[in-house]
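Chemist: quick one, fold the following:
(one chain, ligands or ions: 1)
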Amino acid sequence: MLNSRGTLCTHNAAVETFEFADDLSDEQLKQNYIVRNSACYGCPVACGKVVKSPDGEYAGKKLKMPEYETIYALGSMLDNRDIVSVIDGNGVCDLYGMDTISMGVTLSFVAECLERGIVSQSDLGGRVDFADGRGMVELVKLTAKKQGIGKLLALGSLRLSQKFGADSHRLLYCVKGLEIAGHSARGIRPMALGYATSTRGGSHHDTRPKYLFPDDDPGFEGQVEYNITSQNYTALGDSLIMCRFVQEKGFGPVIDKMTASVVNYVTGWDGDQRELDIIGERIYNLERLINVRRGLGRRDDTPPWRTMNEPIPNGPAQGRYCSSENFHRMLDEYYRLRGWSQDGVPGQAKLSELGLR
Ligand code: SF4
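Modeler: Okay, the predicted model is just below:
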């Protein structure tokens with residue numbers, strides 16, 4: 001779906017359509033690899049799938065199917081159309097407890113740095129290539145064991161960029177050192193500000209992508225308010241220990257009457273949606289205060305360079321990006337609506353209002 005809308009980040013997010021996206025599609029997985037659904041206890045959504053691969057690292061074995069984010073990070077971001085290698089890379093990451101998004105986006109960053117001559121094979125002690133699925137799986141293993149080039153890759157893309165210098169920061173696809181998920185910061189309008197103001201960095205689990213945005217470019221109108229609403233919603237959902245998919249599929253993408261009635265049923269409270277929104281807001285402010293205490297501020301609330309400086313070059317979302325002017329206008333407004341200073345520090349009045357002082 002995202003590829004058809006021109007928002008499937010490919011080749012380290014230099015472009016946002018992938019010629020071989022069909023090779024990585026759900027239809028491909030369903031027809032050739034999925035053997036059954038799997039679910040957390042009692043969940044009616046059952047988002048999990050078990051796959052069996054005829055060849056590769058786990059030939060003949062059953063294992064968890066890579067989710068969308070993994071297919072993006074180990075697949076399209078690396079120009080990798082080899083779905084078996086994505087299944088394998090996912091399996092190895094799971095085995096070693098590594099995040100597939102950070103792994104894949106770090107690899108695509110290094111591959112582009114090599115391609116542009118910012119670093120050389122001899123600098124790295126090895127290669128990271130686009131369109132090399134089997135090579136990717138081996139690099140995941142080396143990273144997990146911190147062997148050879150894996151010792152460098154284990155640093156993640158931000159610290160590697162600090163080592164590489166030159167213009168490598170322009171090729172980073174991360175916020176606050178966390179590699180960004182597969183919901184385009186350029187193509188899906190709320191995500192540039194959403195990732196930038198995410199308390200944990202480039203996470204798609206603070207601001208949620210608007211899946212059903214119209215095909216016509218919605219522009220930036222209303223995105224600041226949406227970001228705040230969405231962040232309060234995810235903070236509340238996490239605090240309720242509610243799976244995001246259940247929360248969204250069952251009760252919608254915002255805190256509403258349905259959310260309030262579910263919480264009231266389970267807890268015996270008698271709250272309404274406004275009270276729940278304030279709980280989410282309080283949590284988000286508390287997270288922000290922790291970041292402020294750690295020295296983070298406005299300069300860290302910044303989307304990747306490419307998001308603000310390079311429009312999507314082709315495809316259905318061609319021309320979309322978030323210019324620095326647009327971004328800072330939204331950030332100013334975001335801080336104002338949040339009740340934070342223009343440096344991104346929660347104000348005393350807001351903290352009093354939320355009972356945090
Ligand atoms: S939707 Fe959430 S709770 Fe349900 S199976 Fe998937 S991860 Fe588990």
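
Chemist: where does the spatially closest residue to residue 153 that is not a sequence neighbour fall, phi/psi-wise?
Modeler: Nearest non-adjacent residue to residue 153, counting by C-beta to C-beta, 6 or more residues apart in numbering: residue 143, 4.4 Å away. Placement of C-beta: from N, CA and C, glycine included. Dihedral pair for residue 143: phi -70, psi -50, per degrees, to the nearest 10.

Chemist: look at residue 143 and say how many residues are nearby.
Modeler: When neighbours are counted by other C-beta atoms under 10 Å, residue 143 registers 26.

Chemist: please verify my assumption that it contacts residue 104.
Modeler: No - using C-beta atoms under 8 Å, residue 143 makes no contact with residue 104, being 10.9 Å away.

Chemist: list the buried ones in the helix or strand harbouring residue 307?
Modeler: Applying DSSP states H and E as the criterion places residue 307 in helix 305-309. For helix 305-309, burial by neighbour count (16 or more other C-beta atoms under 10 Å) applies to 306-308.

Chemist: just the closest of the residues you listed to the ligand, please.
Modeler: Nearest to the ligand, judged by C-beta to the nearest ligand atom, of those is residue 307 at 28.6 Å.

Chemist: that closest one and residue 324: what is the separation?
Modeler: Distance of residue 307 to residue 324, given as C-beta to C-beta, to the nearest Å: 10 Å.

Chemist: how confident was the prediction at the residue in the stretch 201-350 of the chain that the ligand sits nearest to?
Modeler: Nearest to the ligand, among the residues of the stretch 201-350 of the chain, is residue 243, at 3.1 Å (C-beta to the nearest ligand atom). Note for residue 243: predicted pLDDT of 91.

Chemist: now residue 215
Modeler: Note on residue 215: pLDDT of 64.

Chemist: likewise for residue 46?
Modeler: Value for residue 46, per-residue pLDDT: 88.

Chemist: neighbours of it, how many?
Modeler: Applying other C-beta under 10 Å, we find 12 residues neighbouring residue 46.

Chemist: who are the packing partners of the lowest-mean-pLDDT helix or strand in the chain?
Modeler: When each helix and strand of the chain is scored by mean pLDDT, DSSP states H and E, helix 244-251 comes last, with a mean of 84. Judged by 3 or more C-beta pairs under 8 Å, 6 or more residues apart in numbering; DSSP states H and E, helix 244-251 is in contact with helix 223-239, helix 257-267.

Chemist: what about the longest helix in this structure?
Modeler: helix 273-293 (DSSP state H).
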